[in-house]
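Chemist: pasted the sequence and its predicted model underneath.
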Amino acid sequence: MDCPYVDCNADHFQNGDTHCGNCSRQLKPCKKCGMPNRSFAVYCRECGGALPDSASDWPVFKGSSQAIGVNRFVISARVSELSIEEMGAFQLPDRCKALLMYEDHLFAISQSGEVKIIDVSQEPVKERISFNAGGNIYAVPALHQGSLYVGTEKSLQAYSLGHLFPQAPSARPRWELPLSGTPIRSLVPVENRLFLMLACPDRRHQIHVVNDIQTDPPEPPIKVYAGSHLSSMAGHFMAKSKKIYFLSDEGAGRIKLHFMEHAAGSNPERVSLPLKRPPSEFRKQIPIAVIGAKIFTVFRKEETLYRLDANSGEIDSLICKNVKNFAMASISDPVVINSRGLFLKRMNQQIDLEDGQTIKGSPLVLKDCAVALGMGDGNIRLYDIRNPGSFKICEVSDRPTDQITTMAAVKDIIAAGNDKGVVKIYRLR
Ligand SMILES: [Zn+2]
Ligand SMILES: [Zn+2]
């Protein structure tokens, strides 16, 4: 068995090796025949069997399908003992809009549509490719089964990642579907479908679905819902049941909870439930999160974070008040940004920020280790999740007017981008 990367000549592999001993890049071993395959490969190059998708999600500011904002890799050190090593930095032409980390690669996307793909499996980190999607980007792109899906103002584009590894790598465009005058606000892939929320010029929102996204090109998007006040979409995907949820505000205090059930082969079916006794309108700017059949959303009245039951449409419990943003470390354990700073519900501990300090966006939870906060002074802070009295700083920029716009983590690596397009990558040990 040889290394699947064409610029590497290694040919001795143990069954199940997850990295090449020679070039150190990630391998996806085939469960059937043991053949090592490249990162992002969807099918085995030897036997043609289906390869598993990466187990690592991409918790960019809650941008993975569940939107809970948790990197599940366990870093066993306490924050006070953590060594923070800068692995590299690079510059986007303008504001960093989104970071995704997946299978040893960082995807950095700028507001104007610049996409850079960085290999973080080696040090120093190595830029493998950059291209421009040709339009402003308002939605976090999605990674799914070896392809990158990017929504611009005018189109939805799919790029194959299977060509990242030769000496002259490329992100091969697979298809582009035109969309006129409707920026994409969010993208959620599930198996062979991609759900997109469009913000239309009349301020209404529409949800569309693209079927057969593995086909080049697929049929144009089909509208599945339209409404004036929709929440973001989030989904929970299990082997047997794959559901995408969102809320709609119907006016006069009425709120509906919707889910679309993905069933292979048939059209997605939408079910709508009236939410029983909602406390107020929900806050549309704060993304919803999903764990199992529980939905987490913030209501306007007293900025309360509630847990909703998707099966009954009932409010399950009030989790926390005064919530500006949140991540869900578990089904009853929110990490909350409030008007004073950071609040850890499980510890019942409030950490007040110093005067003049602000937190940007939502927290990123590094499981059992730290809460990462993007700060208004251009740095990220890591608070120990068990003992949040002190914190460590990763200095992304030395100019205090720069602001963190987004963060992402995979394994023991965290990356942050700012409003000037600077992106830095750190390893935490
Ligand atoms: Zn190799
Ligand atoms: Zn195989």
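Modeler: That came through, no problem. What you see is a predicted model; the values in this text were computed from it and never measured. Ligands and ions are numbered 1, 2, ... in the order given.
Chemist: can you check the pLDDT for the spatially closest residue to A50 that is not a sequence neighbour?
Modeler: Spatial nearest neighbour of A50, excluding adjacent residues (Cβ to Cβ, 6 or more residues apart in numbering): Y43 at 6.2 Å. Quick note: C-beta positions are derived from backbone N, CA and C, even for glycine. Looking at Y43, its pLDDT is 89.
Chemist: what do you get for G181?
Modeler: We have a pLDDT of 66 for G181.
Chemist: residues making contact with the one helix or strand I319 maps to?
Modeler: Take DSSP states H and E as the rule and I319 turns out to sit in strand 315-320. For strand 315-320, the external contacting residues (Cβ atoms under 8 Å, 6 or more residues apart in numbering) are 275-279, 294, 296, 304-309, 326, 332, 334, 336, 343, 345.
Chemist: adjacent strands (with direction) for it?
Modeler: Strand pairing for strand 315-320, using DSSP bridges, gives strand 304-309 (antiparallel).
Chemist: now do the partner strand, average pLDDT.
Modeler: For strand 304-309, mean pLDDT is 97.
Chemist: how close does K324 sit to I315?
Modeler: Distance of K324 to I315, computed by Cβ to Cβ, to the nearest Å: 21 Å.
Chemist: what of G417?
Modeler: 36 Å.
Chemist: could you find the closest non-adjacent residue to the residue of the stretch 151-300 of the chain found nearest ligand 1?
Modeler: Closest residue of the stretch 151-300 of the chain to ligand 1, Cβ to the ion: F165 (9.7 Å). In this structure, F165 finds its nearest non-sequential neighbour in Y5, 4.9 Å apart by Cβ to Cβ, 6+ apart.
Chemist: which strand or helix spans the one you found?
Modeler: Here Y5 is assigned to no helix or strand, by DSSP H and E.
Chemist: any low-confidence regions in the stretch 151-300 of the chain?
Modeler: The stretch 151-300 of the chain contains residues with pLDDT under 70 at 181, 265.
Chemist: can you give me the strands for the stretch 251-400 of the chain?
Modeler: Remark: strands assigned in the stretch 251-400 of the chain by DSSP state E, counting those that start in this stretch are 254-262, 269-274, 289-291, 294-299, 304-309, 315-320, 325-330, 333-337, 341-344, 349-352, 359-366, 370-375, 379-384, 391-395.
Chemist: out of those, which gets nearest to P124?
Modeler: Of all the strands of the stretch 251-400 of the chain, it is strand 391-395 that lies closest to P124, at 16.8 Å by Cβ to Cβ.
Chemist: what comes up buried for the closest one?
Modeler: F391, K392, C394 (16 or more other Cβ atoms under 10 Å).
Chemist: OK, contacts around the first one?
Modeler: By Cβ under 8 Å, 6+ apart, the contact set of F391 is V79, R381, L382, Y383, D384.
Chemist: between these, which is nearest ligand 1?
Modeler: Of all the contacts of F391, L382 has the smallest distance to ligand 1: 33.1 Å, by Cβ to the ion.
Chemist: what pLDDT does the closest residue to the closest one other than its chain neighbours get?
Modeler: The shortest distance from L382 to any non-neighbouring residue, by Cβ to Cβ, 6+ apart, is to A370 (4.3 Å). Model confidence at A370, given as pLDDT, is 96.
Chemist: on that earlier part again, next, count neighbours for the residue of the stretch 151-300 of the chain closest to ligand 1.
Modeler: F165: 21 surrounding residues under other Cβ atoms under 10 Å.
Chemist: helices of the chain, residue ranges please.
Modeler: Taking DSSP state H as the criterion, the chain contains no helices.
Chemist: and the strands of the stretch 251-400 of the chain as a markdown table, adding distance to L143?
Modeler: As requested, those are exported to a markdown table (distance: least, Cβ to Cβ, whole Å):
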| stretch | distance to L143 |
| --- | --- |
| strand 254-262 | 18 |
| strand 269-274 | 25 |
| strand 289-291 | 18 |
| strand 294-299 | 23 |
| strand 304-309 | 28 |
| strand 315-320 | 30 |
| strand 325-330 | 20 |
| strand 333-337 | 24 |
| strand 341-344 | 29 |
| strand 349-352 | 33 |
| strand 359-366 | 17 |
| strand 370-375 | 21 |
| strand 379-384 | 22 |
| strand 391-395 | 24 |
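Chemist: pick the most buried one from these.
Modeler: Each of those was assessed for mean neighbour count using mean count of other Cβ atoms under 10 Å. The highest is strand 370-375, with a mean of 25.
Chemist: same for that one, what does it pack against?
Modeler: Here strand 370-375 touches strand 341-344, strand 359-366, strand 379-384, strand 404-410, strand 413-418, going by 3 or more Cβ pairs under 8 Å, 6 or more residues apart in numbering; DSSP states H and E.
Chemist: show residues contacting the shortest one.
Modeler: With Cβ under 8 Å, 6+ apart as the test, strand 341-344 has contacts from 320, 322, 335-337, 349-353, 357, 359, 363, 371, 373, 383, 385, 388.
Chemist: domain parsing for the chain?
Modeler: When the chain is parsed into structural domains using automatic domain parsing, the resulting residue ranges are 1-52, 70-428.
Chemist: do the first one and ligand 1 meet?
Modeler: The one in question is domain 1-52. Yes - if you take Cβ under 5 Å from the ion as the test, domain 1-52 does meet ligand 1, through C3, Y5, C8, A10, C20, N22, C23.
Chemist: correct me if wrong: R174 contacts S147.
Modeler: Yes - the criterion here is Cβ atoms under 8 Å, and R174 meets it with S147 at 6.4 Å.
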